[in-house]
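Student: Fold the stuff below for me.
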Amino acid sequence: MSRIPYPDLATIDPERLAILGYPKKQPLNITHVALHVADGLWRGHIALKQAVVNATTMDPWLREVLIMRVAALAKCEYELHHHISISANLGFTPEQQQAILGQDYAILTEEERAVAEFTDEVVTLLAPTDATFNKARDLFGDALICEMTVIIASYWGTAMMIGVTGVEPDHAPVVSWAEDEKD
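Tutor: Purely as a prediction, here's the structure:
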């Protein structure tokens, strides 16, 4: 059971609910509990969350490597519940998923390893070592390094909110963030 109860959707400003696509789309549990946040802060928060899904230039496959590493490092079952499903839908094999989650990068491509190592060091050290930074920078460039950092921060913040609120995993995991599958 959640440590903080979900707000009654009937008491939430309809404009806020419309941003979430409600009532056509039911909010995920983490989105639902975040409706407690004051309107001005909530709008910025939800805009970032939506942008991380819809406005990123990062390759979706590599983004899932990054997200699964954040979830594994945070020990966030909620994020893993969704992103094991999303990554499987993208074509990740169980072996690839376990390699990413278990920090055993031998079977990963050079790009996947660079994303995983960059994420590991940003989360655990706050700043990657020069070697890790330079490898990622050479492969991805400055703009994507900055974008990856924002995505890491967003998912780490989600894991923190889940840890504080005790949000339970949703009944069914998200299968895909693809625009045509969100309806």
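Student: For the helix or strand where residue 86 lies, which residues meet the burial criterion?
Tutor: Assigned by DSSP states H and E, residue 86 belongs to helix 77-90. Of all the residues in helix 77-90, those buried under the rule 16 or more other C-beta atoms under 10 Å are 78-84, 86-89. Bear in mind the C-beta positions are built from the backbone N, C-alpha and C, glycine included.
Student: can you check stretch 157-176 too?
Tutor: For stretch 157-176, by 16+ other C-beta under 10 Å, it's 158-159, 161-162, 165, 167, 169-170, 173-174.
Student: Equivalent analysis for stretch 9-25, please.
Tutor: Residues 9, 12, 17, 20, 22 are the ones in stretch 9-25 that count as buried (16+ other C-beta under 10 Å).
Student: Can you tell me which of those comes closest to residue 69?
Tutor: Nearest to residue 69, judged by C-beta to C-beta, of the buried residues of stretch 9-25 is residue 20 at 27.2 Å.
Student: Quick one: residues contacting the closest one.
Tutor: By C-beta atoms under 8 Å, 6 or more residues apart in numbering, the contact set of residue 20 is 27, 31, 46.
Student: Leaving out sequence neighbours, find the closest residue to the second one.
Tutor: Read it as residue 31. residue 20 (6.3 Å; C-beta to C-beta, 6 or more residues apart in numbering).
Student: distance of the one you found from residue 50?
Tutor: To residue 50, residue 20 is 9 Å away according to C-beta to C-beta, to the nearest Å.
Student: Then residue 178?
Tutor: As defined by C-beta to C-beta, residue 178 lies at a distance of 14 Å from residue 50.
Student: Repeat that for residue 21.
Tutor: Separation of residue 21 from residue 50 (C-beta to C-beta): 10 Å.
Student: Tell me which helix or strand the spatially most central residue of the chain sits in.
Tutor: Nearest residue to the geometric centre of the chain (C-alpha atoms, centre = their mean): residue 155, 4.2 Å. Assigned by DSSP H and E, residue 155 belongs to helix 130-165.
Student: Check which helices and strands that helix sits against.
Tutor: Where contact means 3 or more C-beta pairs under 8 Å, 6 or more residues apart in numbering; DSSP states H and E, helix 130-165 is packed against helix 29-33, helix 39-54, helix 60-74, helix 77-90, helix 110-125.
Student: Highest mean neighbour count across those helices, which stretch is it?
Tutor: Of all the helices and strands packed on helix 130-165, helix 60-74 has the most neighbours on average by mean count of other C-beta atoms under 10 Å, namely a mean of 22.
Student: got a list of what the closest residue to residue 92 other than its chain neighbours touches?
Tutor: Excluding the flanking residues, the one nearest residue 92 by C-beta to C-beta, 6+ apart is residue 64, at 6.9 Å. Contacts for residue 64 (C-beta under 8 Å, 6+ apart) come out as 83, 86-87, 90, 92.
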